[in-house]
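**Q** predicted model and sequence follow; I will ask about them next.
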Amino acid sequence: MAERLQAIRGMHDVLPERAPFWQHLEDHARAVVEGYGYREMRTPLLEPVELFKRSIGEVTDIVEKEMYAFEDRGGDRLALRPEGTASCVRAAIEHGLLDQPQRIWYRGPMFRRERPQRGRYRQFHQIGVEVFGLTGPDIDLEVIAMTRRLWQALGLTGLRLELNSLGDADERARYRSALVAHLRAHEAQLDADSRRRLDTNPLRVLDSKNPDLAEIIAAAPSLLDYLGEASRAHFEQLCAGLDAAGIGYSVNPRLVRGLDYYNRTVFEWITDALGAQGTVCAGGRYDGLVAQLGGRDTPAVGFALGVERLLDLIDTSTVETGPDAYLVALGDAAAAAAPAIAERLRDAVPGLKLVTHCGGGSFKSQFKKADKSGARLALILGDEELAGGTLGCKPLRGQGEQRALSFDELVTTLRDGPNIGVLRTDTASGRSG
Ligand code: HAM
């Protein structure tokens, strides 16, 4: 037998059994972000490697160690995108979208060559939003409120919001000097990684998970003490807005994020239920990035959530995974008539998930397949039904007798199905989920 190939480590297939859970999350996320007027943008998975170096930062883990970067056959240096923000900024500049405010959302796979473990993958998926052209704390509040709305829609509890302000570039530079002075005073106790970061990216030392450094980090000066008046007012207004909206948060002055482009507001939604990989959503303001990538000075804010991590938290037991109905046909005449009847049903019930049995077989074997499909109802078409213009309808879950229904009665029954319900809300209100 030929050798079997396997998926790349840290990159996973989403099998049909689990796909409904992904769709459940994606449908809710889309309904929420579109409910705030965000419009979808899709960008390529490959970008010039330079884009990420110039945005995420040369001396970040992502760019230094984790990017899938390579030279293509034409000699171009490319990278599989490790995140979506840089691509959105590139596209917004390239297509001239920035002469007015933009609210954009995106979803899709991202790639980082990290050490795989639960909640940390080499191909993972994000759903994110980016807002361009709005500078006040009101839009920071909006993007955070949007995430809270999504957690509520998904029935998630136990997520906590951590918030910080990184100030502006000059405020951060002053803080950086104070931090370096503090860390230098304890240089002998620092680990190799932190000592290296001391020269390249000292704020990242605050992010160290090394318990031996906890005390030094706790005693470090606080970024919030270095904010100027405007940054402080921005942060205070955001906090007041969160209070007014009833969104709980805690200020974490050590929250610095692993990407270099942020200024002022940064935030993370964190759970204790996933061990070390507890950040399910993260973002903040990045007012300098558009100009840094060659666009005109444009303020920006956004976030991205980790789909796999959220799926680990969601109670999927109530998510419908099977079709609404499975049509079995007994005898040659019924088998010949079934496809046309199935098409009429699909016409009459938009959104209906109906599997038509193919491949013949005994009543028993067809029924077994109906059962295995996870359908709510088996629809039975035999000679008798064909003659009487009816279809047998038998619930496959829970109690319920088989009943003979006319086509119209069946349409009414099917319209009450859970899948149909979702789609009806969809068409009626522009929302799904
Ligand atoms: P990030 O913190 O690098 O931010 O990633 C955002 C989220 O993606 C994380 O909180 C986590 O849930 C998920 N994530 C990241 N890496 C992995 C991984 N290896 N495996 C599984 N999930 C992962 C950004 O990417 C920014 N672009 C967010 C942003 C948008 N800021 C402003 N706009």
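**A** That came in fine, so what should we check first?
**Q** rest of the way, CA atoms for contacts and neighbours
**A** Will do.
**Q** so what's the closest residue to the ligand within the stretch 101-250 of the chain closest to, chain neighbours aside?
**A** Residue nearest to the ligand within the stretch 101-250 of the chain: Arg120 (3.4 Å; CA to the nearest ligand atom). Distances taken as CA to CA, 6 or more residues apart in numbering place Gln277 nearest to Arg120, at 6.9 Å, with adjacent residues excluded.
**Q** picking that back up, could you measure from the residue of the stretch 101-250 of the chain closest to the ligand over to Arg9?
**A** Distance, Arg120 to Arg9, by CA to CA, to the nearest Å: 11 Å.
**Q** now swap in Arg113 and tell me
**A** 10 Å.
**Q** the ligand contacts on the protein?
**A** 83-85, 112, 114, 119-122, 124, 126, 128, 130, 279-284, 301-306, 309 (CA under 6 Å from any ligand atom).
**Q** remind me which residues of the stretch 51-200 of the chain are low pLDDT?
**A** Scanning the stretch 51-200 of the chain for pLDDT under 70 picks out no residues.
**Q** re earlier: residues in contact with the residue of the stretch 101-250 of the chain closest to the ligand?
**A** 10, 114, 277 (CA atoms under 8 Å, 6 or more residues apart in numbering).
**Q** please convert those residues to JSON lines, extending it with distance to Val355 and secondary structure.
**A** Listed next are the contacts of Arg120 as JSON lines, based on distance: CA to CA, whole Å; DSSP: H, G, I helix; E, B strand; the rest coil:
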{"residue": "Gly10", "distance to Val355": "34", "secondary structure": "coil"}
{"residue": "Glu114", "distance to Val355": "41", "secondary structure": "coil"}
{"residue": "Gln277", "distance to Val355": "39", "secondary structure": "coil"}
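**Q** who wins for neighbours among those residues?
**A** Neighbour counts for the contacts of Arg120 peak at Gly10, which has 18 neighbours (criterion: other CA atoms under 10 Å).
**Q** mind listing what that residue touches?
**A** Gly10 touches 116-117, 120-123, counting by CA under 8 Å, 6+ apart.
**Q** most neighbours, which of the residues you listed?
**A** Arg122 (23 neighbours).
**Q** quick check: that one touching Pro109?
**A** No. Counting by CA atoms under 8 Å, Arg122 stays clear of Pro109, with 9.7 Å between them.
**Q** who's the closest spatial neighbour of Leu381, skipping the chain neighbours?
**A** According to CA to CA, 6+ apart, the nearest residue to Leu381 is Ala329 (4.8 Å).
**Q** from the ligand, how far out is the one you found?
**A** 46 Å (CA to the nearest ligand atom, to the nearest Å).
**Q** next, that residue: phi, psi?
**A** The phi/psi pair for Ala329 (degrees, to the nearest 10) reads phi -130, psi 130.
**Q** buried subset of the residues of the chain next to the ligand?
**A** Neighbour counting with 16 or more other CA atoms under 10 Å marks 83-85, 112, 114, 119-122, 124, 126, 128, 130, 279-284, 301-306, 309 as buried within the residues of the chain next to the ligand.
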